[in-house]
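Asker: need a 3D model of the following:
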Amino acid sequence: MTAFDDLSEGWQVWNDDEDGAILVYRPDVFDTQRFPAPCLPTIRVACRPPTERKRRSHSAPDSWFVSLRLEPEVRVKDADARFDSRDAADAGAVDLAARFDMGDIDYRDAYQLPRDDYLDELDELTG
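Answerer: Take a look at the predicted model:
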């Protein structure tokens, strides 16, 4: 059994290794036909804060971070969380994915210039 066995149905593990994990939401829909591929909602589990692009070389992580992005430059800051261990961060990511899938995450405020058509369609996929 892995940490992501209880992942919500709409989410898939894209990558999972010793540096963290990437979970993606409905890659079957974000296929450039129905939705633009860059709008693929992504949850990251990493040993660096979501504000840092790369982990510092030779740094030993003392915390793990979970973050949600709707696009590469659009982070849902209210969803950010810090954890003391990788196991706890993985569990936090599974919980975040479930809340997103049920429509419990307010992602509209992450946009400075709302993309109403896209967000309306995303609302239909969630909740």
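
Asker: dump the residue contacts of the residue nearest the centre of the chain.
Answerer: Central residue of the chain (C-alpha atoms, centre = their mean): I43, 1.5 Å from the mean position. Neighbour list for I43: W11, I22, L23, V24, Y25, V66, S67, L68, A93, L96, A97, F100 [criterion: C-beta atoms under 8 Å, 6 or more residues apart in numbering]. (C-beta placed from N, C-alpha, C; glycine too.)

Asker: okay, the first one: pLDDT?
Answerer: So that's W11. Confidence at W11, expressed as pLDDT, is 96.

Asker: do the fourth one as well
Answerer: What the model reports as pLDDT for V24 is 96.

Asker: element containing it?
Answerer: strand 20-25 (DSSP states H and E).

Asker: could you give the number of residues near the spatially closest residue to R75 that is not a sequence neighbour?
Answerer: What sits nearest to R75 in space, not counting adjacent residues and going by C-beta to C-beta, 6 or more residues apart in numbering, is R69, at 5.1 Å. R69 has 19 neighbours, counted by other C-beta atoms under 10 Å.

Asker: secondary structure class of R69, three-state.
Answerer: The local conformation at R69, judged by DSSP: H, G, I helix; E, B strand; the rest coil, is strand.

Asker: if it is in a bridge, with which residues?
Answerer: T42, R75 (DSSP bridges).

Asker: grab the nearest non-local neighbour of the residue nearest to the centre of the chain.
Answerer: With sequence-adjacent residues excluded and distances taken as C-beta to C-beta, 6+ apart, I43 is closest to L23, at 4.2 Å.
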